[in-house]
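Undergrad: with the input below, show me the fold.
(chains A and B, ligands or ions: 2)
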Amino acid sequence: MATPAIEVAGLRKRYGEGEAAVDALKGVDMIIHPGEVVGLIGPSGSGKSTLLKCLGAVIEPSAGRMALAGQTIFDERWKIRDLRALRRDSIGFVFQAPYLIPFLDVTDNVALLPMLAGKPNHEARRQAMELLEALDVGHRAKASPSELSGGEQQRVAIARALVNRPPVILADEPTAPLDSERALNVIRILNRMAGQYQTAIIVVTHDEKIIPTFQRLYHIRDGRTFEEAGEGRSA
Amino acid sequence: MISLAGRDILHSWSKYVFTGVGLGLLIGVTLSMAGIYRGMVDDAQVLLRNSGADIWVVQQETLGPYAEPSSLRDDVYRSVLGLPGVADAANVTYLNMQIRHDERDVRVMAVGFEPGQPGEPPFLSAGRHIARNHYEVVADARTGFRLGERIRIRRQDHTVVGLTRRMVSSSGDPMVFLPLKDAQEAQFLKDNDAIVNERARTAANPALNRPGVPGLLDAIQASQTTSRSANAVLVRVASGWDSEQVAEGIRRWKHLEAFTRVQMEEILVSKLIETSARQIGTFLVILAIVSAAIVSFIIYTMTLGKIRELAVLKLIGTRNRTIAGMILQESLGLGLIGFVIGKTVATLWAPYFPKYVLLLPGDAIRGLVAVMLVCALASLVAIRAALKVDPATAIGG
Ligand SMILES: Nc1ncnc2c1ncn2[C@@H]1O[C@H](COP(=O)(O)OP(=O)(O)OP(=O)(O)O)[C@@H](O)[C@H]1O
Ligand SMILES: [Mg+2]
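TA: Numbers count the residues shown, from 1 in each chain, chains lettered A, B, ... in the order given. Ligands and ions are numbered 1, 2, ... in the order given. Next up, the predicted model:
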C-alpha cells in the first residue's frame, strides 16, 4: 500500500510535572491512509483533543513518533523547524465552530491560506473559488461570514481546511452545532473531499448519528487507542 | 497578500471612527495649543515688522518698551537723529488700557506715534490715516470699533478714522493708534485733582515756596505739569548702514539702551513668550501621554476582542510578524483617522479663538509624526498580548 498519510507510534503526552502531572496520552498507535475518513471517539477526558493538538503540531508530545505523508515530524523531539509552515501547508483544521475571520469575506477567508503560503492574490482566490463551488457556497463568495447560515459557515471552514491541499485534515467535533441532516451532509462532504483530493481526515466526535458513517473507527480510552473494525466498515 | 489591518478597519469602521473622533479631538486640542504658541510668536514678529523700526531706543538698563516699562524724555529723539546712520527717529508711547465700547470694556494697547514717522500703522483695511494732530485714531479691527465711531480715551473723545488688521501687542491686545500728543496726555499728564493736589503739596514745601524768590514756585509748577515723556524712540537706519553698528553708537554715546530688530525679536520671543511656551510645552507632553494611554488601551481592548481569531490565524500558519504588523497598522490607522479629524477640527475652530492661532503645515507634519510614533508605541502592549495567544486554544478542549 502507498505511504500512510498519518503514522503514529507509541505517542505519549504528559501535562505538568511531578505530583500534578497528567498523562493524557499513554501510548497511541494509528495508521491512516490517504483518502480515508476515520472517526475518533472516547469518553470525556480520554485524550481526544490532546491527540489532535499533537497531530496538529500545536503542542509537543512527550514521547513517541509521528509522521505525516511519510515525513517524520516528531521522533522523541520535533524533526521540523518551522511548525507554522507545516500547519499551513500539510494540515487542515476544522473546528466545532467555524471560526471564520469576521473581517474577511468568504473568498478571502479561504484564500488567506494560499496567500500566507506566498501565492499571488488572484491565484489564491481562484483556488478558493474552486473549492467554494465544489462545496456549494460559491454563490456566497462575496458575503461576510456573519451573513451565512451555520451550515454554510461550516462548509466555508471545510473549504479553508482543504484549500492548500494538505495530506491531513483534523476535525474536532465538526458537526456538534448542526442537526442530524446537516451533520450527515458535512460527513458526506468530508468523504467526498477525501476521495477527490486523497486527503486523510480524522474526525473527533461524540455524535452517535454520524459514527456509523466512518470507514474505520478508533476508540480512545484513558490515553490509549483501540481500533474497531465493525460491521459495514472496511479497511 | 491582503492587508489584514485594512480589512479589519473597514469591517469595524464605526468602532474606529468613533474612537478616532475621541482621539481626534485630543489631537485637535494639541494642534491648537501649538497654533496658539505660533500665533504668539507671529504676533510678536508682526508687531516688530509693522512698527517700521530698525532700532528701538529705550531707557537704560531696561528691556523696554514691550517686555519692560521704559520711559525717556521726549526730546531724546532729536539727539538720536543727529547720530550717524540714523535716517528717521520718532517718539512712541505704549499704554495698556480699557476702552468702553458697546457696553463693555475692550482691552487695547494705545500707541502714540507721529504721523509719517516710524510707529505709524503700515497699512489700513478701511478709512484713512490720521490727518489731524488731535482726537483721531486708527484701530485694529479686533477692537470691534467702527469707522466714524467716537471712543473715549481718558479725558478726550476720539473719532475712529481708519481700521487696520493684525496689529496686536505682545500680549495679544488689539492696538489703537493715536497722535503722540494725545497719547502722552493720556499717559503722562495728570488729571485735574492730581494737579490741584500736587500744586498744594509743592506750595506747602518750604524749600520750593520761598518767600524771597518770586516766580520760583510758578516755574516749578509749570515744569511739573508739562513734563513730557515717551516710552521709546523708533529709529530707521539709513541705507548702507548696519543696524548693530548704529545701535552700538546710540548705546555708547547717549547712555541709552538700543535694540536691533534681531535683539528685539530675541527679547519678545525668548523672554516674554518663553514661560507661555514652556507652559504649552508641558501641556503638549501631557496630551501626548494621555493620547498614548488612550490609544494603547483601545488597541489592547480591540486585540483582546480578537483573541479567538488570532488563535485561528496562528493555527493556520500566520507568522508572528504578520500578526504584529496587523496590530501595528491598526494602531497607525487609528492614529491617522484621529489626526485627520484633529487637523480638521483645529482648522475649523481656530478662528473662534480670541487671540491669533497660527496653524503651520510644518507643525501639522510634526504632529502627524508624533501621533504615528505614539500609536506605534501604544500598540506594543497589544502586540505582546497577541503574540502570547496560544494557537492550541483554537482547537479547544
Ligand atoms: N493544558 C492542560 N494541562 C493539564 N492537563 C490537561 C491539559 N489539557 C488537557 N488536560 C488533561 O488531559 C486529559 C485529556 O484531555 P483532552 O482535552 O484531550 O480530553 P478530550 O478527550 O478532548 O475530552 P472532551 O471530550 O471532554 O473534550 C484530561 O484529563 C485533561 O484534564
Ligand atoms: Mg476535547
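
Undergrad: show me where pLDDT drops low in chain A?
TA: Along chain A, the model assigns pLDDT under 70 to residues A:1, A:229-235.

Undergrad: would you map the helices across it?
TA: A:48-55, A:83-90, A:106-116, A:121-134, A:150-162, A:180-197 (DSSP state H).

Undergrad: and of those, who's closest to ligand 2?
TA: helix A:48-55 (3.1 Å; Cβ to the ion). Placement of C-beta: from N, CA and C, glycine included.

Undergrad: give me the contacts around that closest one.
TA: Contacting residues not belonging to helix A:48-55 are listed as A:6, A:8, A:11, A:13, A:15, A:24-25, A:28, A:40-42, A:59-61, A:66, A:74, A:91, A:168, A:170, A:172, A:202, A:204, A:220, A:225, B:392, B:395-397 [Cβ atoms under 8 Å, 6 or more residues apart in numbering or on different chains].

Undergrad: and what of stretch B:306-322?
TA: Residues from elsewhere that reach stretch B:306-322, judged by Cβ under 8 Å, 6+ apart: A:56, A:58, A:84-85, A:87-89, A:93, A:99, A:101-102, A:112-113, A:116-117, A:160, B:4, B:8, B:303, B:323, B:386-387, B:389-395.

Undergrad: so what would you say the end-to-end distance of that stretch is?
TA: 15 Å (Cα to Cα, to the nearest Å).

Undergrad: try stretch B:236-256
TA: OK, stretch B:236-256 end separation, Cα to Cα: 16 Å.

Undergrad: what residues does chain A put near chain B?
TA: A:49, A:52-53, A:56, A:58-59, A:84-85, A:87-89, A:93, A:95-96, A:99, A:101-104, A:108, A:112-113, A:115-117, A:121, A:144, A:160, A:170, A:172 (Cβ under 8 Å from any Cβ of the partner chain).

Undergrad: which entries within these meet the buried criterion?
TA: A:49, A:52-53, A:56, A:58-59, A:84, A:87-89, A:93, A:95-96, A:99, A:101-104, A:108, A:112-113, A:115-116, A:160, A:170, A:172 (16 or more other Cβ atoms under 10 Å in any protein chain shown).

Undergrad: near ligand 2, list only the ones from the residues you listed.
TA: residue A:49 (Cβ under 5 Å from the ion).

Undergrad: for chain B, what's the nearest residue on chain A?
TA: residue A:88 (2.6 Å; Cβ to the nearest Cβ).

Undergrad: pretty sure that residue is in contact with residue A:115, am I right?
TA: No - using Cβ atoms under 8 Å, residue A:88 is not in contact with residue A:115, being 10.4 Å away.

Undergrad: which element follows the helix or strand of chain B with the lowest mean pLDDT toward the C-terminus?
TA: Within chain B, confidence by mean pLDDT, DSSP states H and E is lowest for helix B:216-226 among all helices and strands, at a mean of 69. Downstream of helix B:216-226, the first helix or strand assigned by DSSP states H and E is strand B:229-230.

Undergrad: for that following strand, packing partners?
TA: strand B:72-73, strand B:86-101, helix B:180-188 (3 or more Cβ pairs under 8 Å, 6 or more residues apart in numbering or on different chains; DSSP states H and E).

Undergrad: let me know which of those is the nearest to chain A.
TA: The nearest among the helices and strands packed on strand B:229-230, by Cβ to the nearest Cβ, is strand B:86-101 at 59.8 Å.

Undergrad: what residues of that closest one count as buried?
TA: Result for strand B:86-101 [16+ other Cβ under 10 Å]: buried residues B:86, B:88, B:89, B:90, B:91, B:92, B:93, B:94, B:95, B:97, B:99, B:101.
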